[in-house]
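[1] Got a sequence here, can you model it:
(one chain, ligands or ions: 2)
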Amino acid sequence: MVTANRNRVVIVGTGQVGSTAAFGIVTHGLCNELVLIDHFADKALGEARDLDDGSEFQDRHVKVRVGDYSDCKDADIVVITVGRKPPANSNRMAELGFTVGLVGDVIDHVMASGFDGVIVMVSNPVDVMAWYAWKRSGLPRTQVLGTGTALDTSRLKTIIGEETGLDPRNVGGFVMGEHGNSQFAAWSTVSLGGKPFAKFLADNQSRFSSVSTAEVEEKTRRRGDEIVRTKGGTNFGIASTVAGIVQTILWDERRIVPVSTLLDGEYGEHDVFLGVPTELRANGANEIVELDLADDELAKLHRSAQIVREHCEGLL
Ligand SMILES: NC(=O)C1=CN([C@@H]2O[C@H](COP(=O)(O)OP(=O)(O)OC[C@H]3O[C@@H](n4cnc5c(N)ncnc54)[C@H](O)[C@@H]3O)[C@@H](O)[C@H]2O)C=CC1
Ligand SMILES: CC(=O)C(=O)O
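    Numbering: from 1, shown residues only. Ligands and ions are numbered 1, 2, ... in the order given. Presented below is the predicted three-dimensional model:
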């Protein structure tokens with residue numbers, strides 16, 4: 001449960017993703033204190049100083065400082081972004097061997113501090129790492145979540161916005177499953193201006209004849225790879241996603257976000273973390289919204305579960 005005064009967020013890993021997420025948290029003034037930890041203490045120190053130097057021009061002062069694992073004891077949220085920039089032409093599951101040792105070490109240090117807040121996992125492969133962090137930490141299910149398909153859902157909306165020329169915030173619905181190649185757009189949930197998206201396209205053939213759901217879905221799936229290819233990693237989209245999740249939890253906003261959370265019977269799945277719409281509260285990931293997915297969508301969710309579960313095997 002977060003403290004009433006929304007006191008402290010810790011980010012472990014201050015590379016491209018961690019430092020940009022820190023900037024998002026600072027610019028939105030989400031907490032009183034932001035503590036940065038990195039394997040290279042000088043890197044965290046430099047980022048903290050640089051972030052704090054904008055204090056005069058921020059709406060609210062968030063004190064940013066470098067810290068160590070003892071700072072996790074009283075933290076409300078620990079965000080984990082350790083890893084490495086994704087290699088070109090790789091996939092997220094291929095990062096498992098590199099990341100798992102780092103994440104295990106981080107979880108042990110965080111828990112040794114006496115931490116009892118919410119872990120937000122970002123490191124890839126995020127669904128596997130969130131499950132591993134949940135198991136390894138011994139924390140309740142609500143207190144460990146991954147960013148899941150929250151970023152992919154935002155990407156889907158952005159791409160629909162690009163294709164139609166409309167504001168992406170007109171789009172409702174979810175990308176679900178693995179934050180990886182087996183993710184899927186749950187088209188039965190996707191709407192534009194309140195109309196099912198497929199019906200919206202059919203009703204506006206003359207304007208949007210070139211737009212297809214298959215193409216939008218594929219562009220969404222490939223968006224991360226495209227950005228990695230062009231600039232060597234992704235940071236802004238995920239940073240906004242992390243800041244949004246942190247805000248929702250810290251301020252007990254109760255937004256429904258497709259974070260990666262433990263399925264314990266929902267959708268007929270057990271013991272696996274996947275991106276599904278979940279109500280976020282001050283204590284983390286609460287009720288999963290169990291949608292009436294179409295049969296083909298449910299089959300895709302099961303496929304994602306199978307892939308994620310296979311990669312969890314043997315990690316403990
Ligand atoms: N879930 C998602 O949607 C996304 C996940 N990611 C993932 O985020 C992770 C980080 O990516 P980048 O920031 O681009 O990499 P990066 O290489 O820029 O930063 C990684 C940072 O982690 C630090 N680090 C490594 N081991 C550590 C340890 N044991 N303790 C403390 N710090 C440690 C490094 O010193 C470095 O500063 C990767 O796993 C990447 O795949 C990236 C974008 C989106
Ligand atoms: C790197 C990654 O996971 C993404 O941008 O989707």
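[2] Stretch 68-83 and ligand 2, any residue contact?
    No: using C-beta under 6 Å from any ligand atom, stretch 68-83 never reaches ligand 2; the gap is at least 9.4 Å. (C-beta placed from N, C-alpha, C; glycine too.)
[3] let me fix that: stretch 89-99
    Yes: applying C-beta under 6 Å from any ligand atom, one finds that stretch 89-99 is in contact with ligand 2 at Arg92.
[4] which parts of that stretch are buried?
    92-93, 95-96, 99 (16 or more other C-beta atoms under 10 Å).
[5] possible to save these as TSV with distance to ligand 1?
    What follows is the buried residues of stretch 89-99, written out as TSV (distance: C-beta to the nearest ligand atom, whole Å):
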residue	distance to ligand 1
Arg92	6
Met93	11
Glu95	6
Leu96	10
Thr99	5
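[6] Of those, which belong to helices?
    In this view, those that belong to helices under DSSP state H are 96, 99.
[7] Farthest pair within the buried residues of stretch 89-99?
    Spanning the widest gap among those are Met93 and Thr99, at 10.4 Å by C-beta to C-beta.
[8] Helix or strand: which one has the closest residue to Tyr69 other than its chain neighbours?
    Closest residue in space to Tyr69, ignoring its immediate chain neighbours: His109 at 4.1 Å, by C-beta to C-beta, 6 or more residues apart in numbering. Applying DSSP states H and E as the criterion places His109 in helix 96-112.
[9] Averaged pLDDT, that helix. What do you get?
    The average of the pLDDT scores along helix 96-112 is 97.
[10] got it, and stretch 153-163?
    97.
[11] now what about that stretch, what contacts it?
    When contacts are defined by C-beta atoms under 8 Å, 6 or more residues apart in numbering, stretch 153-163 is touched by residues 166-171, 173-175, 185, 190, 192, 197, 208, 210-211, 216-217, 219-220, 223-224, 237, 240-241, 258, 275.
[12] Which members of the residues you listed are classed as buried?
    168, 171, 173-175, 185, 190, 192, 197, 208, 211, 216-217, 219-220, 223-224, 237, 240-241, 258, 275.
[13] Which ones among these lie within helices?
    Judged by DSSP H, these include 197, 208, 216-217, 219-220, 223-224, 237, 240-241 as members of helices.
[14] can you pull out the helices in the stretch 51-200 of the chain?
    Here the stretch 51-200 of the chain has its helices, by DSSP state H, counting those that start in this stretch, at 96-112, 126-137, 150-164, 197-203.
[15] Any residues of this protein in contact with ligand 2? List them.
    86, 92, 124, 151, 224, 234, 238.
[16] So the fifth one sits against Thr234, correct?
    Yes: taking contacts as C-beta atoms under 8 Å, Gly224 lies within contact range of Thr234: 5.7 Å.
[17] what's the overlap in contacts for those two?
    Pro86.
[18] interface residues of this protein facing ligand 1?
    Checking the chain against ligand 1 by C-beta under 6 Å from any ligand atom, the hits are 12-18, 38-40, 43, 81-86, 95, 99, 102, 105-106, 122-124, 126, 147, 151, 179, 233-234, 238.
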